[in-house]
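Enquirer: need a structure here:
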Amino acid sequence: PAPVPQVGTNLTDLRLPRKVTVRELGGCMGPIWPSYYSECSALLFVVDASNPAQVSSSCIQLLSVLSAAPLASVPVLVLFNKIDLPCYMSLVEMKSLFRMQDIVSCATQPITMLETSARDGTGLADVLQWLRTALKEPC
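Expert: Alright, predicted model coming up:
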């Protein structure tokens, strides 16, 4: 089945090997995101790389998250998702549209960027490795 945008909240437990809880909050839940910042140890920010119309709002949301005081030192992974679709924008294009070089240079937290596909699993191993490193998990 095709991935659909997250419209609510969802909890998933991962073993990295220690149990880690991932809380997924859809973009429309933006107004309540700050209520979860204090319990956040790492942040995965997912962007639809196949939807150029969404880029400006995603960028604004990302800047808002990065400027939140409780997240000032939380490692951030920006995932440009849906790279399996023929209309996706490449990592180079997305970095340019988001002005990621400027964002990274002004951010207080470390920021990593990866391309992924939730549908076919491309990039998943890299995401899990990033999580292990960010959460200082043994490999």
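Enquirer: find the nearest non-adjacent residue to the residue most central in space within the chain, please.
Expert: Residue closest to the mean C-alpha point of the chain, counted by Cα atoms, centre = their mean, is F45 at 1.8 Å. Leaving out its chain neighbours, the residue that sits closest to F45 by Cβ to Cβ, 6 or more residues apart in numbering is V78, at 5.0 Å. All C-beta spots, glycine's among them, are computed from the backbone N, C-alpha and C.
Enquirer: please, which helix or strand holds the one you found?
Expert: Counting by DSSP states H and E, the element that carries V78 is strand 76-81.
Enquirer: right, and the helix or strand after the lowest-mean-pLDDT helix or strand in the chain?
Expert: The helix or strand with the lowest mean pLDDT-type score in the chain, counting by mean pLDDT, DSSP states H and E, is strand 9-15 (a mean of 85). Past strand 9-15, heading to the C-terminal end, the next element that is a helix or strand (DSSP H and E) is strand 19-25.
Enquirer: pLDDT of that following strand, averaged?
Expert: pLDDT averaged over strand 19-25 equals 88, rounded to a whole number.
Enquirer: ok, now stretch 73-82?
Expert: Along stretch 73-82, the predicted confidence averages to a pLDDT of 96.
Enquirer: contacts for it, please.
Expert: Counting by Cβ atoms under 8 Å, 6 or more residues apart in numbering, stretch 73-82 makes contact with 3, 40-51, 62, 65-66, 88-89, 91, 94, 98, 100, 107-119, 123, 127, 130-131, 134, all of which sit outside it.
Enquirer: let's see it at 6 Å
Expert: Identification of contacts with stretch 73-82 by Cβ atoms under 6 Å, 6 or more residues apart in numbering yields 40, 42-50, 88, 94, 109-116, 118, 130, 134.
Enquirer: how close does L62 sit to S96?
Expert: As judged by Cβ to Cβ, to the nearest Å, L62 and S96 stand 15 Å apart.
Enquirer: out of the two, which sits in the more crowded spot?
Expert: L62 (20 against 12; other Cβ atoms under 10 Å).
Enquirer: which residues does that one contact?
Expert: Neighbour list for L62: F45 [criterion: Cβ under 6 Å, 6+ apart].
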